[in-house]
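Visitor: Coordinates for the following, if possible.
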Amino acid sequence: MPMLRLRSLLAVGLVMLLLAAGPFAAMAQSPIRVGSKNFTEQLVLGELILQALAAHGLPVENRLSLGGTAVVRQALETGEIDVYAEYTGTALLVHFSGYGLDVPREVWSNPETSTTLVREVDLERNGLAWLCPADANNTYAIAVRRHWAEENGVYTVADLAAYINGGGRVIFASNPEFIDRPDGLQAFEQTYGFSIPRGDVFVLAQGSYATAQALANGANGVNAAMVFGTDGTIAAFDLVVLDDPQGAMPIYQPAPVVRSEVLQAYPQLEEVLCQVFAHLDGRTLAELNAEVDVYGRQPAAVARDFLQRIGVTR
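Guide: Residues are numbered from 1 along each chain as shown. As a prediction, this is how the structure comes out:
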């Protein structure tokens, strides 16, 4: 048989094989595009996902640090990326805000019920699969310096409200999202009945490390700041996180969210990522974040060492 004809037959056979295997066969030839938002914990989680998948022989493409919440979510919904770590509370109160859902407090303040609802809604409406969440709550919080808390008797958000309503002035450090999002400062203000004039808000684009540092240093008169529940800077800067007794904030458990067609093309992806996220609790995430923010290590190196420690890589 002539060589040219043999090659033609082989090419036709390969095409027929791919068609018979369905659309997921072609997708399985493409890399899994891993995204993340642009703050410390997201970069660490993104590196954990990226490196764990690569260690198990799956093709990956680094799309980390795409931008803020809206940018990364849109990238997932439009297929620009295939997987990233999102927070359950963010989905319920931000991504699903236009769905007309009436989600009661007892649902979004409970890790089991909030995860169940997020999984059902996102899969049905958007074809997005939420995998196993980490046992951590990276909720928004308000922090103050320890000596300031002791001087003013402010240990809860209710105490802060009383301080402000009694004439005390708060200069607040925040990232842009916490000011704009309904589950941010607005939620605290509405729940506890206080208001911080936006002229007294010091907005820092760099994220929670910058807000915590501004608080610790008292930059521009800052005496309160937005932090995340798993920030490594809380202990490092000796900050006091104000209790939220009325539960203004939802549960924010991080979990890998993946496009369902990608999960079908790479079913082993779930087992790989669940192995990683099973080792993440609040204290562990805070330690990983501190490695970056406090000790200046790169997220990729922090993720590499952690994956080696838990036996995912060698």
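Visitor: what about the strands in the stretch 101-250 of the chain?
Guide: Applying DSSP state E, counting those that start in this stretch to the stretch 101-250 of the chain gives strands spanning 128-130, 140-145, 172-174, 201-203, 224-228, 239-241.
Visitor: Please render those as TSV that adds mean neighbour count to the earlier fields.
Guide: Bear in mind the C-beta positions are built from the backbone N, C-alpha and C, glycine included. Converted to TSV, these look like this (neighbours: other C-beta atoms under 10 Å):
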stretch	mean neighbour count
strand 128-130	22
strand 140-145	24
strand 172-174	25
strand 201-203	16
strand 224-228	28
strand 239-241	19
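Visitor: Adding mean pLDDT and distance to residue 271 as columns, could you present those strands in JSON lines?
Guide: Shown next, in JSON lines, are the strands of the stretch 101-250 of the chain (pLDDT from 0 to 100; distance: least, C-beta to C-beta, whole Å):
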{"stretch": "strand 128-130", "mean pLDDT": "99", "distance to residue 271": "13"}
{"stretch": "strand 140-145", "mean pLDDT": "97", "distance to residue 271": "32"}
{"stretch": "strand 172-174", "mean pLDDT": "98", "distance to residue 271": "39"}
{"stretch": "strand 201-203", "mean pLDDT": "96", "distance to residue 271": "41"}
{"stretch": "strand 224-228", "mean pLDDT": "97", "distance to residue 271": "28"}
{"stretch": "strand 239-241", "mean pLDDT": "94", "distance to residue 271": "35"}
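Visitor: Which of those strands sits closest to residue 36?
Guide: With C-beta to C-beta, the closest approach to residue 36 among those belongs to strand 224-228: 14.7 Å.
Visitor: Pull up the pairing partners for the closest one, direction included.
Guide: For strand 224-228, the paired strands and their directions (DSSP bridges) read strand 140-145 (antiparallel), strand 172-174 (parallel).
Visitor: Next one: residue 77 from residue 84, what distance?
Guide: Between residue 77 and residue 84 the computed distance is 11 Å (C-beta to C-beta, to the nearest Å).
Visitor: Residue 251: which of the strands paired with strand 224-228 is closest?
Guide: For those, proximity to residue 251 was assessed by C-beta to C-beta; strand 140-145 is nearest, at 11.3 Å.
Visitor: which other residues reach that closest one?
Guide: Residues outside strand 140-145 that contact it (C-beta atoms under 8 Å, 6 or more residues apart in numbering) are 154, 157, 160, 178, 183-184, 188, 212, 215-216, 218, 223-229, 234, 238-242, 244, 249, 252.
Visitor: Can you go through those residues and name the buried ones?
Guide: Among the contacts of strand 140-145, the ones that count as buried by 16 or more other C-beta atoms under 10 Å are 154, 157, 160, 178, 183-184, 188, 212, 215-216, 223-229, 234, 239-242, 244, 249, 252.
Visitor: got a list of what the nearest residue to residue 284 once chain neighbours are set aside touches?
Guide: Excluding its sequence neighbours, the residue lying closest to residue 284 (C-beta to C-beta, 6 or more residues apart in numbering) is residue 136, at 7.6 Å. The neighbourhood of residue 136, defined by C-beta under 8 Å, 6+ apart, consists of 229, 230, 253, 254, 280, 281, 282, 284, 285.
Visitor: so which of the residues you listed is the most crowded?
Guide: Sorting the contacts of residue 136 by how many neighbours each has (other C-beta atoms under 10 Å) puts residue 230 first, at 28 neighbours.
Visitor: backbone phi and psi for that one, please?
Guide: Main-chain torsions, residue 230, degrees, to the nearest 10: phi -110, psi 20.
Visitor: Once you drop chain neighbours, what's closest to it?
Guide: residue 285 (4.1 Å).
Visitor: Repeat that for residue 236.
Guide: In space, and not counting its chain neighbours, residue 236 is closest to residue 294: 4.5 Å by C-beta to C-beta, 6+ apart.
Visitor: how close does that neighbour sit to residue 286?
Guide: Separation of residue 294 from residue 286 (C-beta to C-beta): 10 Å.
Visitor: Going along the chain, name the helices of the stretch 1-150 of the chain.
Guide: With DSSP state H, counting those that start in this stretch as the criterion, the stretch 1-150 of the chain has helices at 3-21, 23-27, 40-55, 69-77, 88-90, 105-108, 111-126, 146-152.
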